[in-house]
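*Asks:* Just to be clear, the model below is a prediction. Sequence and coordinates:
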Amino acid sequence: MRAVVAWSDKVPDRDGVKSVCYDIAFKPDGTQLVTGVGSRVLVYDAVDGDLLHSLKGHKDTVYCVAYSRDGKRFASGGADKTIIIWTHKAEGILKYSHNDAIQSLAYNPVTQQLASATAGDFGLWSPEQKSVAKHKVSSKILSMAWTNDGQYLALGQFNGNISIRDKGGSEKVLIERTAPIWTLCWNPSRDEAYDILAVGCWDGTLSFYQLSGIQVGKDKDMGFDPCSVSYFSNGEYICCGGTDKKVGLITKEGTRLTTIAERDSWVWCAKPRPKQNYVVVGCEDGTISMYQLIFSTVHGLYQDRYAYRDFMTDVIIQHLITEQKVRIKCRDYVKKIAVYKDRLAVQLPDRVIIYELSHDDAFDMHYRVSTKIQKRLDCNLLVVTSMHVILCQEKKLQLYSFDGVKEREWVLESVIRYIKVVGGPAGREGLLVGLKSGLILKIFIDNQFPIQLIKHTTSIRCLDLSASRGKLAVVDENTNVMVYDLLSKELLFEEKNANSVAWNTEMEEMFCFSGNGMLSIKTGSFPIHQQKLQGFVVGFKGSKIFCLHYVCMQTIDVPQSASLYRYLEKHDFATGYKVACLGVTESDWRMLAMEALQGMSLEIARKAFIRVRDMRYIELLNRIEQGRKTGQEDSLYLAEILAYQGRYQEAAKMYAKCNRVELAMEMFSDLRQFEEAK
């Protein structure tokens, strides 16, 4: 994952008040955000950062802002002890006050009741009530949050207490900690079994509690004091900012994943934009910055096994033929994944875990930990083989054994753009490597010297070897797809508009490529067969094509009928049979059987008739083979084949041609067609 600054603004000091961004609230639809900076309430367009309104109303620093769930109004409060309620059009409609500075505001997600907190009390105001119901507290309130159903309000206090109150204000649960509770937030997910409260405490920890007050798990040591903790809309991730001047991405269990932003001063608030991968950050120095989070797809594929990252800390392995899925919980940030035969390698921040299949079965999905490499290894690409992991970093390839020992290193002439294991004996596998310079190499991991296969002119995007390793398909960054003969280095085929290519693992002459919303299948020297397809083709096995669309892997069944018909037209029954074996309909098998029979290709005809279980024709084939041994000519059998197909007139002519008119008469007599027999 990487974060990119979408927009940023630095608010200058105004009206003699230092500009500090203490709080930010999003409009529920995510189109606008409201923030208090200095004594102003600022309304920004969330998309491009345009300042829509700069609202004067407070006479001192604004400490807190909140937006109602229906998006019709928002509120602000601050050091001038007043709360102002504004419409969504930024018009002030109501003002009320407390005896102390306003520390925190929170709108009830269901009833639109507004809770406001100070050093000595908290108030509950709702639009239908004229007065504000105030409740005294023993310690300054620093933070507040309502549960999803709007029934309970959690108060975080300076003395370390977390007080959970009902809508009337009476205390239901008290959780005692030892340091100020500067920030807290309920998980918004409706899928959780119970309400979970995330608590940022100034003893440098993040902790989680149920509504009943029971702690979930242990305190997570953050290494700094958290000033802001807030959940993403799906409740799976938390963003947390504080005194370390950074914003971190954390799982809902509290595992730190990565840093979203590094700022120049304390981060007072970090809030995710509703239902989007954006986070806004407000700091001590008055800066407001919107970051876009770009989650890259972390995945690995080998033949019919596909593994991908889920929720940043889990790995899901999917069998593309059976559609079976298995989840492995790594409980840490998954950086890279690689799959090869029965091996699965998962790179975490400080180690690489190697899993293996429990049983030697093509459909087994039970993985167990085989070994761990306890090293922090940096790489752009990770590849696993039977006994090694290979790390690719810019121009360098490093080979590590499963014990963590570096065995070999290759430094290539240019940056590596594509790498793939193409099989081989255990410990001596071959790698296919494509470089930015256009050079395509084959590297055997037990050999120090790479072998040059092809020198292409532009950067490589995708590579694949045919089933018998005789041909190489290449997609370059200009979206051209090319096929080379590796022996003669001759260019056999070229086409434009390709983003990915894959050879059929069960047939040498067949490959497919995707691009421009189309899937193209090329068989032998025949024209391309096309159909619509979104995404990238990543594998081709028999009549199944594996296609990746974002993170979703689809298996598409492609009937091979078109290719079969073309081979039949050429009377190439042997290759036609190979194509049929990849996957065709029953009527296609029957057609192949008939065509092969008429072409007197008896072996292929027999196999095809066995497929469709046609005993009559199998018996006919037995008779033909017996007759051939005694030296009878084929034309007689062709006449019999025509008769079997009901083409009696043609059969009669063929008998006549062979000077066996009596057989034609016998046929018509059996059919009771005596006129024809005469």
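*Replies:* Looks like it arrived, so ask away. Residues are numbered from 1 along each chain as shown.
*Asks:* The stretch 451-600 of the chain: helices as residue ranges?
*Replies:* With DSSP state H, counting those that start in this stretch as the definition, the stretch 451-600 of the chain shows helices at residue ranges 561-569, 573-582, 586-598.
*Asks:* quick one: buried residues of the second one?
*Replies:* Within helix 573-582, the residues that qualify as buried by neighbour count (16 or more other CB atoms under 10 Å) are Phe573, Thr575, Gly576, Tyr577, Lys578, Val579, Ala580, Cys581, Leu582. C-betas here are computed from N, CA, C, even on glycine.
*Asks:* List just the nearest of these to Met290.
*Replies:* Met290 lies nearest to Leu582 out of those, by CB to CB, at 51.1 Å.
*Asks:* OK, contacts around the closest one?
*Replies:* Under the criterion of CB atoms under 8 Å, 6 or more residues apart in numbering, the contact list for Leu582 reads Asn504, Glu506, Met507, Met510, Gly542, Ser543, Gln560.
*Asks:* Show me just the buried residues among those.
*Replies:* With neighbours counted by 16+ other CB under 10 Å, the contacts of Leu582 contain buried members at Asn504, Glu506, Met507, Met510, Gly542, Ser543, Gln560.
*Asks:* any chance of those residues in TSV, with pLDDT too?
*Replies:* Output for those, formatted as TSV (pLDDT from 0 to 100):
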residue	pLDDT
Asn504	90
Glu506	86
Met507	85
Met510	90
Gly542	84
Ser543	84
Gln560	81
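*Asks:* gap between the two ends of stretch 277-295?
*Replies:* 9 Å (CA to CA, to the nearest Å).
*Asks:* Once you drop chain neighbours, what's closest to Ile175?
*Replies:* Taking CB to CB, 6 or more residues apart in numbering as the measure, Ile175 lies nearest to Ile162, with 4.0 Å between them; neighbours along the chain are not counted.
*Asks:* That neighbour: how many residues sit nearby?
*Replies:* Applying other CB atoms under 10 Å, we find 22 residues neighbouring Ile162.
*Asks:* Identify the bridge partners of the closest residue in space to Ala502 that isn't next to it in sequence.
*Replies:* Taking CB to CB, 6+ apart, and ignoring the residues beside it in sequence, Ala502 has Phe540 as its nearest neighbour in space, at 4.3 Å. Judged by DSSP bridges, the bridge partners of Phe540 are Asn504, Ile545.
*Asks:* List the residues that contact Phe540.
*Replies:* With contacts defined as CB under 8 Å, 6+ apart, the neighbours of Phe540 are Ala502, Trp503, Asn504, Thr505, Met510, Phe511, Cys512, Phe546.
*Asks:* separation between it and Gly57?
*Replies:* Taking CB to CB, to the nearest Å as the measure, Phe540 falls 65 Å from Gly57.
*Asks:* Any stretches of the stretch 551-678 of the chain with poor pLDDT?
*Replies:* Within the stretch 551-678 of the chain, the stretches with pLDDT under 70 are 551, 631, 633-643, 645-647, 654-656, 659-661, 663-664, 666-678.
*Asks:* and if we set it to 80?
*Replies:* Scanning the stretch 551-678 of the chain with the threshold set as pLDDT under 80 gives 551-552, 559, 617, 620-621, 623-678.
*Asks:* For Gln448, give me its contacts.
*Replies:* Residues in contact with Gln448 (CB under 8 Å, 6+ apart) are Arg408, Trp410.
*Asks:* Export the buried residues of helix 573-582 as a markdown table, with columns for distance to Thr31.
*Replies:* Converted to a markdown table, the buried residues of helix 573-582 look like this (distance: CB to CB, whole Å):
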| residue | distance to Thr31 |
| --- | --- |
| Phe573 | 65 |
| Thr575 | 60 |
| Gly576 | 60 |
| Tyr577 | 62 |
| Lys578 | 58 |
| Val579 | 55 |
| Ala580 | 57 |
| Cys581 | 57 |
| Leu582 | 52 |
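*Asks:* between those residues, which is nearest Phe295?
*Replies:* Among the buried residues of helix 573-582, Leu582 lies closest to Phe295 (CB to CB), at 36.3 Å.
*Asks:* ok, that closest one to Met510 distance?
*Replies:* Going from Leu582 to Met510 by CB to CB gives 8 Å.
*Asks:* Give the intersection of the neighbour lists for the two.
*Replies:* Counting by CB under 8 Å, 6+ apart, the contacts common to Leu582 and Met510 are Asn504.
*Asks:* which residues make contact with the one helix or strand Arg165 maps to from outside it?
*Replies:* Secondary structure from DSSP states H and E places Arg165 in strand 161-166. With contacts defined as CB under 8 Å, 6+ apart, strand 161-166 is touched by 135, 137, 139, 151-157, 171-177, 181, 184, 197, 199, 209, 211, 213.
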